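Student: Sequence and predicted structure, then a few things I'm wondering about:
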Amino acid sequence: MKAVSRLIPLIVLALVACGGDGDPGSGDEAGPPPDAINAAHSGGTFTLAQGAETSLRLSSEYSWGEPEVSGDAVELSPVDYLQDPGFAEWLVRAVRPGTAAISSKGTPACAGQHGCPDEPITFRVKIVVPE
């Protein structure tokens, strides 16, 4: 049962990557970001007003590299917790008009264990900050 529960997030990510979620933030059309952007939103494009903020939360089911930002429209700030909430979090702040891409690579936290997928995944979203 544990192996099945570990595969569910991967199945969801595969469906999202294939465009099967119907989320207005996925694909090429920009939509408003959810309260927190997460791995299920990978491949999505979001609009964030200048000065606005949202959260980026990546699950502890993966060991994530520090997210990289290409473009200067947004800035990321890590959020530290006293207790592990089950995810790593960064505050995404829209600082100037333009487009930025945020990406990170995740390795399954269960890597090396029987039934665990050992393939890393890549998370990537685009943030559009309008004039």
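Tutor: All right, it came through fine. Residues are numbered from 1 along each chain as shown.
Student: what ranges do the helices span in the chain?
Tutor: All helices of the chain, identified by DSSP state H, fall at 2-17.
Student: Show me the shaky parts of it.
Tutor: 1-29 (pLDDT under 70).
Student: biggest strand in it by residues?
Tutor: Ranked by residue count, the top strand of the chain under DSSP state E comes out as strand 98-108.
Student: helices or strands up against that one?
Tutor: strand 53-59, strand 62-64, strand 68-70, strand 74-79, strand 121-129 (3 or more CB pairs under 8 Å, 6 or more residues apart in numbering; DSSP states H and E). In this view, the C-beta of every residue, glycine as well, is placed from N, C-alpha and C.
Student: what are the pairing partners of the longest one, and which direction each?
Tutor: Translated: strand 121-129. strand 45-47 (parallel), strand 98-108 (antiparallel) (DSSP bridges).
Student: which residues are contacting it?
Tutor: Applying CB atoms under 8 Å, 6 or more residues apart in numbering, the external contacts of strand 121-129 come out as 10, 13, 30, 33, 37, 39, 41-50, 58, 62, 64, 67, 73-74, 92, 94-106.
Student: What count of nearby residues applies to Thr47?
Tutor: Thr47 has 17 neighbours, counted by other CB atoms under 10 Å.
Student: do the same with Glu89
Tutor: Each residue near Glu89 was counted by other CB under 10 Å, and the total is 16.
Student: so who does the nearest residue to it once chain neighbours are set aside touch?
Tutor: Nearest residue to Glu89, sequence neighbours excluded (CB to CB, 6 or more residues apart in numbering): Val79, at 4.0 Å. Counting by CB under 8 Å, 6+ apart, Val79 touches Ser55, Glu89, Trp90, Leu91.
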